[in-house]
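>>> Give me a 3D structure for the following:
(2 chains)
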Amino acid sequence: MKFTKTLATAAAMGLALSGAAFADEDPIKAGFIYVGPIGDLGWTWTHDQGRLALEAEYGDRVETSFVESVPEGADAERVMSQMARAGMDIIFTTSFGYMDPTINVAEDFPDVAFAHATGFKRADNVATYSARFYEGRYVIGEIAGAMTETNKIGYIASFPIPEVVRGINSAYLAAKSVNPDVEFKVVWVYTWFDPGKEADAANALIEQGVDVIMQHTDSPAAMTIAEEKGVYAFGQASDMSAFGPNAQLTAILDNWAPYYIDRVGAVLDGTWESTDVWDGIGAGMVGIAPFSDNIPADVQARATATIAAIASGEFQPFTGPINKQDGSVWLAAGETADDGSLAGLNFYVEGIDGELPQ
Amino acid sequence: MLRLEPRQKASNMMLYFTPLIAVALTMVVGGALFAMLGINPFDAIWIIFFDPFLDSFNLSQLFIKAAPLILIAIGLSLGFRAGVWNIGAEGQFIMGALVGGATGLALWGMEGWWILPFMAIMGAVGGFAWAMIPAILKIRFNANEILVSLMLVYVAQNLLSAMVIGPLRDPDGFNFPESRSFSRNDATELPMIFEPLGLHVGGVVALIALAGAFILLQRHSLGFNIKLTGDSPRAARFAGVNPSIIIAVCLGISGALAGLAGLFELTGPAGKLTTNFPVGYGFTAIIVAFLGRLHPVGILLAGVVLAGTFIGGENAQFMLQLPSAAVRVFQGMLLFFLLAVEILISYRIRFSKGAS
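Next up is the predicted model:
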């Protein structure tokens, strides 16, 4: 009786779609919206790892689901609405481009909690969260400054938004602190993920004499090129040593699990509220992959100390005196940058060559 | 050896039913694929094919998704009937949004009922102009319009990127590669006409275009010439049909309609120009045009069915955890089976021994 079963399922589905949220026995439903396919590494993969950690943590008490490769815009609004209607209690929207859609849909579903990654618009039921990746950039910047022999460090940058500019500035300040002769070469590829462009950028940088490459893009293309050409590089978002066993010095790791576990826990005990979370190494949202054996012991020791100092809050990467690129004062000696100015950062610090695209 | 041999007379009845046969085959083979993935195929096909048309929320999204597909497919179908292969509607869609959007930004802050219509005209002009490139190259140099129009999609995408990174970027947007929001601004917001079906102004224009194409093909000599050129180019030439005009008209209309679709998408559902603005409507519309057998009524049905499978495909993802790749394969099967069934109705397979 396949047909009757289908009808029964359909009816059950209709019931679920009517959005009836039942009482406590039901597990908490957490939905995730991904901008790309999950794949084996990169931005979306790290969010999915967080989702899996959530399931491992709460077992039967939480039920998760996701939709991959959701275009930013109208499609995202529809998927979010569908999820909310299907009875999700909390929905994580994991890309900057979901900002306006999240706000729009959240207005229609005041009882559903939304959390939007990397955006700057909040509401009573829309929280925001992001990671202080610039803390990780400081650590790898120090390592890069110590490892370069040509004193030229290459940086594959995506878009000139504050997030990326913070990373460049942080890495440069760190590299400069251990190697005053260091020079940064920044290539803007204007994409988050395009293996072809990223590989071209890596090749161009190496031709200009760069021997350490950093990236703020998602694919392992630059790592592959670095391995081929015998230069060093750093993994982005997840460990990329499989693509560059000799090339990878370490990697900045995105770890969303602590945040997801904490927030869903708050939904479970009814204490969830709209927050703006911006965590770094200290809270475990930003991690550093194991160091390569190619990094000398003293450099490793200094990096370990830096990680500890940042984690404890004893040290902030943006601590004055720091001048802007034009020579004017940004932070006086001992002064640290506040979150507001970091959120809107749109200039290079003194010493970086080239013009920041505006 | 397998050989295809034309049938004496293809059954007209069967030709009419090809889309239905293709849909049925897609359900069977797609269902088998879902079953292999460990997902109940009945649930999956129900959610993908039927639920979108039975649930009020899904219905309210239907024409939002179908309108651009129908509007673009209608234009493409004219060319496909004449043997003019515009594969670059995606690029014309982008250029429509870009030119119309730039117009809106140039007029930013002004009020008036005329702003949105003016943007729509500029959007159509943008798409039209972009389609004229392959048209002129085809007419003057006999350059292959399939290649030229397709390659221009990538040019349009890069132009869009350059514009949203540069001159069209939102001055209050922290350098993010996005324009201002057209849908959150009274003068540039696309009005919704009939909410329960998601029918916005763009959807209404799509329906008008359908009617226009129907009349053109049934009642107008230009429509006759288009059909004649496709069926028998030589006969058309003897009858005094100028092939250059047919090429220009077909590419021009399809470009203008694709540009309009882009502008409506921009001012309505998408809201703003970003590097991710194009999501493939221009390419999917090719499937819609063929699934609808290049006939206006067929295109309406095909656009609605395909829009439904998109909405249902998303639902199946989070309800059944069906991978998005499986949904795409499912949609691809639809075109594959359609073309396969069509060939088997017009030709029969002969088995012959060795080379003959």
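>>> count of neighbours near B:Ile349?
10 (other Cβ atoms under 10 Å in any protein chain shown). Where C-beta positions appear, they are placed from N, C-alpha and C, glycine not excepted.
>>> what sits against it?
B:Ile349 makes contact with B:Leu2, B:Arg3, B:Leu4, B:Glu5 under the criterion Cβ atoms under 8 Å, 6 or more residues apart in numbering or on different chains.
>>> and B:Arg237, what does it touch?
With Cβ under 8 Å, 6+ apart, B:Arg237 has these contacts: B:Pro243.
>>> What separation do you get for it and chain A?
For B:Arg237, the distance to chain A equals 44 Å [Cβ to the nearest Cβ, to the nearest Å].
>>> rewinding a little: mind checking which of the contacts of B:Ile349 are in strands?
B:Leu2, B:Arg3, B:Leu4, B:Glu5 (DSSP state E).
>>> Throw those residues into a markdown table and include neighbour count, thanks.
As requested, those are exported to a markdown table (neighbours: other Cβ atoms under 10 Å in any protein chain shown):
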| residue | neighbour count |
| --- | --- |
| B:Leu2 | 7 |
| B:Arg3 | 11 |
| B:Leu4 | 12 |
| B:Glu5 | 10 |
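>>> Could I get those residues in CSV, plus columns for distance to B:Val164?
Converted to CSV, the ones in strands among the contacts of B:Ile349 look like this (distance: Cβ to Cβ, whole Å):
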residue, distance to B:Val164
B:Leu2, 50
B:Arg3, 52
B:Leu4, 48
B:Glu5, 53
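>>> What is the nearest of those residues to A:Ile28?
The closest of the ones in strands among the contacts of B:Ile349 to A:Ile28 turns out to be B:Leu2 (Cβ to Cβ; 56.7 Å).
>>> Next, count neighbours for whichever residue of chain A sits closest to chain B.
Here chain A gets closest to chain B at one residue, A:Ala74, 3.1 Å apart by Cβ to the nearest Cβ. A:Ala74 has 19 neighbours, counted by other Cβ under 10 Å.
>>> all helices of chain B, in order?
Under the criterion DSSP state H, helices of chain B are mapped to B:12-36, B:41-45, B:51-54, B:56-82, B:89-106, B:115-141, B:145-165, B:201-219, B:221-231, B:233-238, B:243-265, B:281-291, B:296-320, B:324-346.
>>> actually the stretch 101-250 of chain A, not the one I wrote
All helices of the stretch 101-250 of chain A, identified by DSSP state H, counting those that start in this stretch, fall at A:133-147, A:162-178, A:195-207, A:221-229.
>>> Can you give me every residue that contacts the residue nearest the centre of chain B?
In chain B, the C-alpha nearest the mean C-alpha coordinate belongs to B:Ala285, at 1.9 Å (Cα atoms, centre = their mean). By Cβ under 8 Å, 6+ apart, the residues touching B:Ala285 are B:Pro68, B:Leu69, B:Ile72, B:Ala73, B:Leu76, B:Ala89, B:Ala258.
>>> before we move on, back to that, return the most buried member of the helices of the stretch 101-250 of chain A.
Of all the helices of the stretch 101-250 of chain A, helix A:133-147 has the most neighbours on average by mean count of other Cβ atoms under 10 Å in any protein chain shown, namely a mean of 27.
>>> Would you mind extracting the C-alpha trace of that helix into PDB?
The C-alpha coordinates for helix A:133-147 follow below in PDB (Å, rounded to 0.1, in the frame of the first residue of the first chain):
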ATOM      1  CA  PHE A 133      40.200  35.900  12.900                       C
ATOM      2  CA  TYR A 134      42.700  38.800  13.100                       C
ATOM      3  CA  GLU A 135      44.000  37.200  16.300                       C
ATOM      4  CA  GLY A 136      44.900  34.100  14.300                       C
ATOM      5  CA  ARG A 137      46.400  36.400  11.600                       C
ATOM      6  CA  TYR A 138      48.700  37.900  14.200                       C
ATOM      7  CA  VAL A 139      50.000  34.500  15.100                       C
ATOM      8  CA  ILE A 140      50.700  33.400  11.600                       C
ATOM      9  CA  GLY A 141      52.100  36.900  10.800                       C
ATOM     10  CA  GLU A 142      54.700  36.400  13.400                       C
ATOM     11  CA  ILE A 143      55.600  33.000  12.000                       C
ATOM     12  CA  ALA A 144      55.700  34.400   8.400                       C
ATOM     13  CA  GLY A 145      58.000  37.300   9.500                       C
ATOM     14  CA  ALA A 146      60.400  34.900  11.000                       C
ATOM     15  CA  MET A 147      60.300  32.300   8.200                       C
END
